[in-house]
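Asker: with the input below, show me the fold.
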Amino acid sequence: MPKLKSRKAAAKRFKATGSGKIMRRSTHRKHLLEHKSPGRRRRLAGMFVVDERDAGNVRAMLPYL
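Answerer: Numbers count the residues shown, from 1 in each chain. Below you'll find the model as predicted:
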């Protein structure tokens, strides 16, 4: 069987943890940051687990994740 290709746009956005969960970056962190409070900016800085309803779509885009 030939190797499957992964979607490169998805490969740049998602990472897998050791236990197999898929992590994503937070939204609302790119621009217009000056009116957001420092606590909100810190809270948005971390990584988040992809919702289980979306994880199947991400796994389909990244077959070797």
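
Asker: return the list of helices and strands in contact with the longest helix seen in the chain.
Answerer: In the chain, with assignment by DSSP state H, the single longest helix is helix 52-61. Taking 3 or more C-beta pairs under 8 Å, 6 or more residues apart in numbering; DSSP states H and E as contact, the helices and strands that helix 52-61 lies on are strand 22-25. Every C-beta, even on glycine, is put in place using the N, C-alpha and C of the backbone.

Asker: so what touches the strand it packs on?
Answerer: For strand 22-25, contacts defined as C-beta atoms under 8 Å, 6 or more residues apart in numbering pick out 13-17, 47-50, 55, 58-59, 65.

Asker: of those residues, closest to residue 26?
Answerer: Nearest to residue 26 out of the contacts of strand 22-25 is residue 48 (C-beta to C-beta; 5.9 Å).

Asker: now the helices: where do they sit in the chain?
Answerer: Using DSSP H, the helices of the chain run over residues 8-13, 38-44, 52-61.

Asker: run through the residues that contact residue 42.
Answerer: Contacts of residue 42 (C-beta under 8 Å, 6+ apart): none.

Asker: against residue 34, how distant is it?
Answerer: Distance of residue 42 to residue 34, given as C-beta to C-beta, to the nearest Å: 15 Å.

Asker: same question for residue 10.
Answerer: Counting by C-beta to C-beta, the gap from residue 10 to residue 34 is 31 Å.

Asker: ok, and the closest non-adjacent residue to the residue nearest the centre of the chain?
Answerer: The structure's the chain has its C-alpha centroid closest to residue 24; by C-alpha atoms, centre = their mean the separation is 1.9 Å. Using C-beta to C-beta, 6 or more residues apart in numbering and skipping the chain neighbours, the partner closest in space to residue 24 is residue 50 (5.2 Å).
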